[in-house]
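**Student:** below: sequence and its predicted model.
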Amino acid sequence: MRILFIHQNFPGQFKLLAAHLAQQPDHQVVGLGDAENVSRQAGAFAFPVFGYRARPPRKSASHHYLASFEAAIRRGQDVVLACQQMQAKGFVPDLVIGHPAWGELLFIRDVFPSARLIAYFEFFYHAVGADVGFDPEFPSTADDRFRLRIRNSTQLHALSECDAGISPTLWQRSTYPAREQSRIRAIHEGIDLDTVRPEPGATFRLAGGQTLTRADTVITYVSRQLEPYRGFHVFMRALPELQRRLPHAHFVIVGSDGVSYGKAAPAPYQHYREQLLAEVGGSLDMARTHFVGRLPYADYLSLMQVSRLHIYLTYPFVLSWSMLEAMACGAPVLGSATAPVREVIRDGHNGYLFDFFNQEQLVEKALAALAQDQAQTDVVRRNARQEIESRFSFNRNSLPAYRQLIAEVMKPGKR
């Protein structure tokens, strides 16, 4: 079977699945992503990966609600050109698996009309009841809510065209229109538990040369971008008291200074880290506050393996890989009691939960977790690892579910 994976930041959520299928002798796998993103990973794949050239955005005289949709249409057209080049070289997929949010799947049916299509439905935006309007510090406007309806357009197109869908968690699936949810299978992309595992002898070296181990009190916070959607502001405002109560702890903060979700930091600040340091930096011990930026994956895993407590916050939004990977490494997670975190963590059993907006509770829960004796902590660590093994293992959970879905989609006469 010939399979085409499409994701603007390839491989995205398809990393393990694409690699596995490419190893099967009866499959021919090809990847397609934004050329700029693909070029950064040159040589990382054991199968062909092509890049489409996304044209730069242009100023439009159309309504501002349409700006993102216009960009999606242009990206969809850029994908068409790349697919036509594949066709000219003789590759026509039997199955396309892709992420529709950026518009890449808009015209796939026109290019490959006989291919079956599985779309990855990550999150459907709502004006109320999810991320928008959740945080009173960042209130939404009517204009924001109206714009979100148009932002869902690429996904609505994919829902009308796909043969089946995938969502990584039950809650993320529940954000989609009720009439469509039966067509979306809850299948997490899975974790490679042979790689992501506890390692008692792990070490993590700081930029200043100090090496941290499991013998140190290491508290971690990870987000792709240091921004409010992942509770960075809540964590930073709790940090002075955490440091005061934990005078020997090191706090390692992973993430870049951009914005993936929501709005940019207000002027005059360049980013939220600068804003929050201006607010609380005078109360911090910077010798124990380590902003390490984005890390190579192996270094990031080493950090998770030495973490004594991993603090994870999120708006009701997409569940981060970092939370699940921390649990898989045996790091106790103190998470915000928001969806879909509650789908995974049971307070006191395989982790700990606190009210997203309650900084005092965050501090007290962190202190209580760290004050437990080693036997209690080890139980939570084991339960965390077992939770991931039983529900999020790529080999045990995700791959069999993917195989079943693909077999159903590819049945003759399915469409």
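**Tutor:** Ah, there it is.

**Student:** so residue 245 touches residue 367, yeah?
**Tutor:** Yes: Residue 245 lies in contact with residue 367 (Cβ atoms under 8 Å); the separation is 5.8 Å. All C-beta spots, glycine's among them, are computed from the backbone N, C-alpha and C.

**Student:** just want the most central residue of the chain.
**Tutor:** residue 320 (4.1 Å; Cα atoms, centre = their mean).

**Student:** give the closest residue to that residue in space, chain neighbours not counted.
**Tutor:** residue 314 (6.5 Å; Cβ to Cβ, 6 or more residues apart in numbering).

**Student:** contacting residues for residue 32?
**Tutor:** Contacts for residue 32 (Cβ atoms under 8 Å, 6 or more residues apart in numbering) come out as 4-7, 10, 49-52, 79, 82-83, 86, 104.

**Student:** residue 3 against residue 26, yeah?
**Tutor:** No: using Cβ under 8 Å, residue 3 makes no contact with residue 26, being 10.7 Å away.

**Student:** any idea how many residues pack against residue 181?
**Tutor:** 17 (other Cβ atoms under 10 Å).

**Student:** tell me who's in contact with the closest residue to it other than its chain neighbours.
**Tutor:** Among residues not flanking residue 181 along the chain, residue 173 sits closest, at 5.8 Å (Cβ to Cβ, 6+ apart). By Cβ under 8 Å, 6+ apart, residue 173 lies in contact with 121, 167, 181, 184, 186.

**Student:** which strand residues bridge the last one?
**Tutor:** Each beta-bridge partner of residue 186 is listed here, defined by DSSP bridges: residue 167.

**Student:** wait, doesn't it sit right on residue 169?
**Tutor:** Yes: in this structure, residue 186 is within contact of residue 169 by Cβ under 8 Å, at 6.5 Å.

**Student:** looking at these two, which has the bigger crowd around it?
**Tutor:** Using other Cβ under 10 Å, the more surrounded residue of residue 186 and residue 169 is residue 169, with 21 against 17.

**Student:** returning to what we had before: give me the more crowded residue out of residue 3 and residue 26.
**Tutor:** Using other Cβ under 10 Å as the criterion, residue 3 and residue 26 rank with residue 3 on top: 25 against 6.

**Student:** surely the more buried one forms part of a strand?
**Tutor:** Yes: membership of residue 3 in a strand is supported by DSSP: H, G, I helix; E, B strand; the rest coil.

**Student:** how far does the least confident helix or strand in the chain by mean pLDDT sit from its chain's centre?
**Tutor:** None of the helices or strands of the chain scores lower by mean pLDDT, DSSP states H and E than helix 142-151, at a mean of 88. Relative to the chain's own centre, helix 142-151 is displaced by 23 Å; criterion: Cα atoms, centre = their mean, to the nearest Å.

**Student:** quick one, helices of the stretch 251-400 of the chain?
**Tutor:** 272-280, 297-306, 321-328, 359-371, 374-391, 399-409 (DSSP state H, counting those that start in this stretch).
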